[in-house]
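# Give me coordinates for this.
(chains A and B)
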Number of protein chains: 2
Amino acid sequence: MTDNKKPPLPFDELDPPQRLLMGPGPINAHPRVLRAMASPLLGQFDPEFTTYMNETMALYRAVFQTENRWTFLVDGTARSAIEAALVSLLEPGDRIVIGNFGRFGLLLTEIAERCGAEVTTVDAEWGEVLPQDAIEEAVAKIRPRVVALVHGDTSTTMAQPLDRLGEICRKYDALSYVDATATLGGIAVKTDEWGLDIVTSGLQKCMGGPSGSAPITISDRAAERIFARRHIEKGIASPDAQSGNAPFIRSNYFDLAMLMDYWSEKRLNHHTEATSMLYAARECARVVLQEGLDARFARHALASDAMVAGLTAMGLTLFGDAAHKMTNVTGIYIPQGIDGERVRARMRTDFEIEIGSSFGPLHGKIWRIGTMGYNCRKHNVALTLAAHEAVLKGEGFKIAAPGAAVEAALAVYHEKEKA
Amino acid sequence: MTDNKKPPLPFDELDPPQRLLMGPGPINAHPRVLRAMASPLLGQFDPEFTTYMNETMALYRAVFQTENRWTFLVDGTARSAIEAALVSLLEPGDRIVIGNFGRFGLLLTEIAERCGAEVTTVDAEWGEVLPQDAIEEAVAKIRPRVVALVHGDTSTTMAQPLDRLGEICRKYDALSYVDATATLGGIAVKTDEWGLDIVTSGLQKCMGGPSGSAPITISDRAAERIFARRHIEKGIASPDAQSGNAPFIRSNYFDLAMLMDYWSEKRLNHHTEATSMLYAARECARVVLQEGLDARFARHALASDAMVAGLTAMGLTLFGDAAHKMTNVTGIYIPQGIDGERVRARMRTDFEIEIGSSFGPLHGKIWRIGTMGYNCRKHNVALTLAAHEAVLKGEGFKIAAPGAAVEAALAVYHEKEKA
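As a prediction, the model looks like this:
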């Protein structure tokens, strides 16, 4: 069936609508990041390209607030780095304690189980976070090899406090893993100050890029553990290649020892680095660092305050523990009698604005509105609130005070501008 | 250490050199593919985006020459789809027969071992292919669950005949897996005609795109096997979700049952699709199909003939079994007394042309010159030969007949143009 006839399905050129993505991620990429991806490709061992790799490592050290040598990219979506971290740390039969307060805590349990680990969870209701004392208690009792937590779980909009995690893990000789997919670049991730061993993320939330590249940082003690499981590929083995003594890592693609050898001066061939996504990741970090981390975190906090002020002024009720709400996503209850999906569809079709629905126990109960990365700006907050109010009114919801949502949000911004 | 000081390492804007990548891949992407990646992002469940997903499935059915419903993308480099295929097919203890005639055959053994499979290899020297009878003999003896082969192994420049693989596998009730990373879009991959069960690829070779997205196609019988291992993620479980009875797949990211549920009308959330890489993959397929598969394969065969004619006219010796040489990459021995890496460095620094070195037993023995995808054109063949001759001459190699390389290559093209 090769040819003689014209190709059956060429389809048209790409022409996506100009949609404003105000959900819990992915969000619109910064235009500089999109342009970076259009740069010409280079060979993976080209000196110019390995220089870009090294620069990317240095940039992400600053983004992760760490001195960790092993700071690089996993070639996949955010989830790929979660699996790389867990499968490289966990041997079958190892114990792991997982903090579970939302969908992404469940994902950690799921991945750890597939690694053959014995999983113990410390649980909170969706909409709450975990007391760090409860984590310590479980760690003291279980004495796990790994303690894993999500930093910000967009499924519940909660940000887990992590400042004691490193101390707890050192006290009981465990390694810590943190999934910072939804926080990096928007909420402080203090890798070294908190003593975290592995932290991973993605680009599609506060980093302002597309999904498909996953930054990771690894402490020396975690790297030591991983290198003990090092295994050199047969096709590229050389006499000076050193394998470790511990059981091999169950994945080749996610073997962090191999990835570290590839990202080191050894440049041991593994996969072919995803060139355009590396360009994107590099540009994301440049944008973030040129703004400055503190300025960026403050911008997210301000947008969150404004969004909350607007939504509550409209008469909507905030979901979850306000004290631990992530500053880059806001959950609000869908009012009784309102069809949440119809509202989302009208937001999209009348205003080209996307907001989020929810998973699991919150399915059909809350909307999630993101204020992330490039999109986390005053005009987007105001436009989203105006559209949301118009749609809710059209759907028969009695707005508390018409026009008050936008006014309340802008008042938060204007107060800040005066200060 | 967040702020107060300016970011320590912003580095300059991306500005990669204009390098012509004539190695065994990655190669330069088609400009349309680079531009496609600069398109605005969409949410992963946006109807416009899921339409693009469905179109991408249809386009890759044509590229893979298959009617397989399950034809989609794995979000990672080519290697990610290899692992997804093997980990989803193989349970620990399963037997697998692997054809091994180069580095990527060794990679298949490596990945299968990590899946816990019992591996039997059928081996050929680097530079030869496997008789299909030898494969049948091993399959008859071992009765494996899976038979895995590389189609084109760039490490040796050999293209393995596969026309009997499906028949052999059906006869002995095995499933076939083929790694077509280096051939798809440049050499015919007849998925249905050959009766293959899973075939995977990448974009960075003959598809003319960047590394980072891995097309896969899966037959119904392979899909049935994989769905028997289906497992629904806890965070998104709903009452109508059906899990299979067979042992779970050891990876979450590479669980093809989950990926199929995500790419189906169910749209069960898994990872966040790598939007920009999907745009790239879609555009690669459009470019390929608009040219036409047969025209494209003929273009690669012609470039191979011309490159071989040129290199041998220069006095160089072809590596490997000429009868089974891939048409998109050519291996030639590095002449005695010539430093292969110095030649590559001068090609790069004086001419901005990259050619390939080699791995394992061929390390330091051959160069590999690619004629792939967008770069597989007359002028690139001629320019590469002219540069190669100039550099070899500068390094003291006695050129058989100065100027003959380019002439011989152009003669091959001109003869074809007259025909």
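# Nearest residue to the middle of chain A?
Nearest to the mean C-alpha position of chain A, counting by CA atoms, centre = their mean, stands residue A:181 at 1.4 Å.
# which non-adjacent residue is nearest that residue?
Spatially, and ignoring its direct neighbours in sequence, residue A:181 is nearest to residue A:78 (4.0 Å; CB to CB, 6 or more residues apart in numbering or on different chains). Using the backbone N, CA and C atoms, a C-beta is placed for each residue, glycine as well.
# Repeat that for residue A:195.
Counting by CB to CB, 6+ apart, the residue nearest residue A:195 is residue A:166, at 1.9 Å.
# What helices and strands are in contact with whatever helix or strand that neighbour lives in?
With secondary structure defined by DSSP states H and E, residue A:166 is part of helix A:165-171. Applying 3 or more CB pairs under 8 Å, 6 or more residues apart in numbering or on different chains; DSSP states H and E, one finds that helix A:165-171 makes contact with helix A:132-142, strand A:146-150, strand A:175-179.
# Buried ones in the top helix by length along chain A, by neighbour count?
Secondary structure of chain A per DSSP state H: the longest helix is helix A:293-313. Within helix A:293-313, the residues scored as buried using 16 or more other CB atoms under 10 Å in any protein chain shown are A:293, A:296-297, A:299-313.
# Likewise for stretch A:164-184?
Buried, per 16+ other CB under 10 Å, within stretch A:164-184: A:165-166, A:168-169, A:172, A:174-184.
# again with stretch A:394-406
Result for stretch A:394-406 [16+ other CB under 10 Å]: buried residues A:397, A:399, A:404, A:405, A:406.
# Chain B contacts on the stretch 101-250 of chain A?
For the stretch 101-250 of chain A, the residues in contact with chain B (CB under 8 Å from any CB of the partner chain) are A:102-104, A:106-107, A:109-111, A:114-116, A:155, A:188, A:192, A:202, A:204, A:210-213, A:233-238, A:248-250.
# 7 Å instead, please
A:103, A:106-107, A:110-111, A:114, A:155, A:188, A:204, A:210-212, A:233-236, A:248, A:250 (CB under 7 Å from any CB of the partner chain).
# secondary structure element for residue A:389?
helix A:378-394.
# Show the secondary-structure elements that that helix is packed against.
helix A:293-313, helix A:340-351, helix A:404-418 (3 or more CB pairs under 7 Å, 6 or more residues apart in numbering or on different chains; DSSP states H and E).
# swap the cut-off to 8 Å and go again
strand A:20-21, helix A:293-313, helix A:340-351, strand A:353-354, helix A:404-418.
# Just put these in CSV and tack on distance to residue B:372 and mean pLDDT.
Below are the helices and strands packed on helix A:378-394 laid out as CSV (distance: least, CB to CB, whole Å; pLDDT from 0 to 100):
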stretch, distance to residue B:372, mean pLDDT
strand A:20-21, 35, 98
helix A:293-313, 41, 98
helix A:340-351, 40, 98
strand A:353-354, 38, 98
helix A:404-418, 52, 96
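# returning to what we had before: so how far is the helix holding residue A:166 off the chain centroid?
Relative to its parent chain, helix A:165-171 has a centroid offset of 23 Å by CA atoms, centre = their mean, to the nearest Å.
# How about stretch A:206-226?
11 Å.
# Quote the end-to-end distance of it.
Taking CA to CA, to the nearest Å, stretch A:206-226 runs 29 Å from one end to the other.
# same check, this time on stretch A:393-412
Calculated as CA to CA, the first-to-last residue distance of stretch A:393-412 is 24 Å.
# picking that back up, residues in contact with the helix holding residue A:166: which ones?
A:132, A:135-136, A:139, A:147, A:149, A:174-176, A:178, A:194-197 (CB atoms under 8 Å, 6 or more residues apart in numbering or on different chains).
# Now with 10 Å, please.
Helix A:165-171 is contacted by residues A:97, A:99, A:132-133, A:135-140, A:144, A:146-149, A:151, A:164, A:174-178, A:190-197, A:219, A:221 when judged by CB atoms under 10 Å, 6 or more residues apart in numbering or on different chains.
# show me the contacts for residue A:339.
A:345, A:346, A:364, A:395, A:396.
# Leaving out chain neighbours, which residue sits closest to residue A:253?
Using CB to CB, 6+ apart, the nearest residue to residue A:253 is residue B:83, at 4.7 Å.
# Next, the one you found: secondary structure please.
helix (DSSP: H, G, I helix; E, B strand; the rest coil).
# burial measure for it, as a count.
Using other CB atoms under 10 Å in any protein chain shown, residue B:83 has 27 other residues around it.
# Next one, pLDDT for it please.
We have a pLDDT of 98 for residue B:83.
# Can you flag the buried ones in the residues of the stretch 101-250 of chain A next to chain B?
A:103, A:106-107, A:110-111, A:114, A:155, A:188, A:204, A:210-212, A:233, A:235-236, A:248, A:250.
# Comparing the helices and strands packed on helix A:165-171, which comes out most buried?
Among the helices and strands packed on helix A:165-171, the stretch with the highest mean neighbour count (mean count of other CB atoms under 10 Å in any protein chain shown) is strand A:146-150, at a mean of 29.
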